[in-house]
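# using only what follows, build the 3D model:
(one chain, ligands or ions: 2)
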Amino acid sequence: MLEAIDYISDNAAQEFAHSLKEIGFAVLKNHPLQKAQVTHLYQQWQGFYNSAAKFDYAFNKDRQDGFFSTEKAETAKGASVKDIKEYFHFYPWGQCPENLKADTLKYYQQANQLACTLLSWVEQYTPAHITDKLSEPLSNMIVDSDMTMLRILHYPPFVGNEAQGAIRAAAHEDINLLTILPAATQSGLQVQDKNGNWLDVPAEFGYLIINTGDMLQEACEYYYPSTTHRVVNPTGEATTKSRISMPLFLHARPDVVLSERYTAGRYLKQRLKELGVE
Ligand SMILES: O=C(O)CCC(=O)C(=O)O
Ligand SMILES: [Fe+2]
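Numbers count the residues shown, from 1 in each chain. Ligands and ions are numbered 1, 2, ... in the order given. Reported below is the predicted structural model:
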């Protein structure tokens, strides 16, 4: 599969931007996120999903913070059945169980900082004929943004009553600018290459997955493609196991003009409607 880019090497920024341009995602090694911290968060959130208290945090339609049950989960654009998952949208200003707040916020801040650095790498290596047309520099679009979101996903063990044709996460593209995704507790993530083939993404913590979202694609007039990805169903022994994952979605301020067609706020609203969660 794809070669990992060394986060601490001299040409990391250039290689990173190149990878996003060519395939819409990149794999980083020697990245600054801590395995012990992420593993601990996975365990804590597993506890949340195991408890009925999760239903006390039902998401708010306008703000989109809180818990989305398997019954409320999104249906990927173009798909006919809901994904087999439940998830929680964490924003620093939003709902969060008290016992999870401090650790989740700490991780959010670190991942957000990394995402900001990576966006500045993208900015540095985007050609002038693209950056000239931006309404403001990319790194400016996220200044004072409170829309960046940490999604904690739980894909439950299979029990046999899963809807026909449903998968853990149907093929989709992310809505935001950049997504930062550490390895999940189980494999299953796949990305689609230019020829339509599905490639397994390494599920080892040392490899951090970053992908372009639709907002970066829109702002840069498709110079950076937003990659289609999905999470396939487990087989064998793994069907009895939960899968936890935790993407951070870097979002622009709602007032940012992405293109002639969209501000970030309007774009997000339209996409949420398509997912059936708005
Ligand atoms: O669970 C994963 O590994 C990926 C989740 C994902 O793609 C998403 O929530 O947008
Ligand atoms: Fe995604």
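# just so I have it, where are all the helices in this protein?
12-23, 35-50, 98-124, 128-131, 138-141, 214-219, 264-275 (DSSP state H).
# and of the ones you listed, who's closest to Asn197?
helix 12-23 (11.9 Å; CB to CB). Just so you know, the C-beta spots here come from the backbone N, C-alpha and C atoms, and that holds for glycine as well.
# who are the packing partners of that closest one?
strand 5-6, strand 25-29, helix 98-124, strand 208-212 (3 or more CB pairs under 8 Å, 6 or more residues apart in numbering; DSSP states H and E).
# CA-only coordinates of the last one in CSV, if you can.
These are the backbone C-alpha positions of strand 208-212, laid out as CSV (Å, rounded to 0.1, in the frame of the first residue of the first chain):
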residue,chain,number,x,y,z
LEU,A,208,-1.8,8.0,11.0
ILE,A,209,-4.3,8.4,8.2
ILE,A,210,-5.1,11.9,6.9
ASN,A,211,-7.6,12.6,4.2
THR,A,212,-8.9,15.5,2.2
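# what strands flank that strand, and is each parallel or antiparallel?
Strand 208-212 pairs in its sheet with strand 25-29 (antiparallel), strand 178-181 (antiparallel), by DSSP bridges.
# of these, which approaches ligand 1 most closely?
strand 178-181 (6.0 Å; CB to the nearest ligand atom).
# got any ranges where the chain has weak pLDDT?
Within the chain, the stretches with pLDDT under 70 are 1.
# try 50
Within the chain, not a single segment meets pLDDT under 50.
# tell me how far the closest residue to ligand 1 within the stretch 101-250 of the chain lies from Thr212.
Relative to ligand 1, the nearest point of the stretch 101-250 of the chain is Ser245 (3.4 Å; CB to the nearest ligand atom). Taking CB to CB, to the nearest Å as the measure, Ser245 falls 18 Å from Thr212.
# okay, the two: which has more neighbours?
Counted by other CB atoms under 10 Å, Ser245 and Thr212 do not tie: Thr212 has more neighbours, with 27 against 24.
# what residues are bridge-paired with that one?
Applying DSSP bridges, one finds that Thr212 bridges with Leu178.
# those residues of the stretch 151-278 of the chain touching ligand 1, which are they?
Within the stretch 151-278 of the chain, the positions adjacent to ligand 1 are Arg151, Leu153, Ala169, Asp174, Ala184, Leu189, His229, Val231, Ser245, Pro247 by CB under 6 Å from any ligand atom.
# nearest residue to the fourth one other than its sequence neighbours?
Just to be clear, that refers to Asp174. Gly213 (3.9 Å; CB to CB, 6 or more residues apart in numbering).
# who's in contact with that neighbour?
Glu173, Asp174, Ile175, Asn176, Leu177, Leu178, Thr179, Ser226, Phe249, Leu250 (CB atoms under 8 Å, 6 or more residues apart in numbering).
# 7 Å - rerun?
Contacts for Gly213 (CB atoms under 7 Å, 6 or more residues apart in numbering) come out as Asp174, Ile175, Asn176, Leu177, Leu178, Thr179, Ser226, Phe249.
# please report how far the fifth one lies from Glu136.
Right, Leu178. 16 Å.
# what does the third one give?
According to CB to CB, Asn176 and Glu136 sit 17 Å apart.
# between these two, which is the more surrounded one?
Asn176 (27 against 13).
# ok, that one touching Met215?
Yes - with contacts counted by CB atoms under 7 Å, Asn176 reaches Met215, the gap being 5.6 Å.
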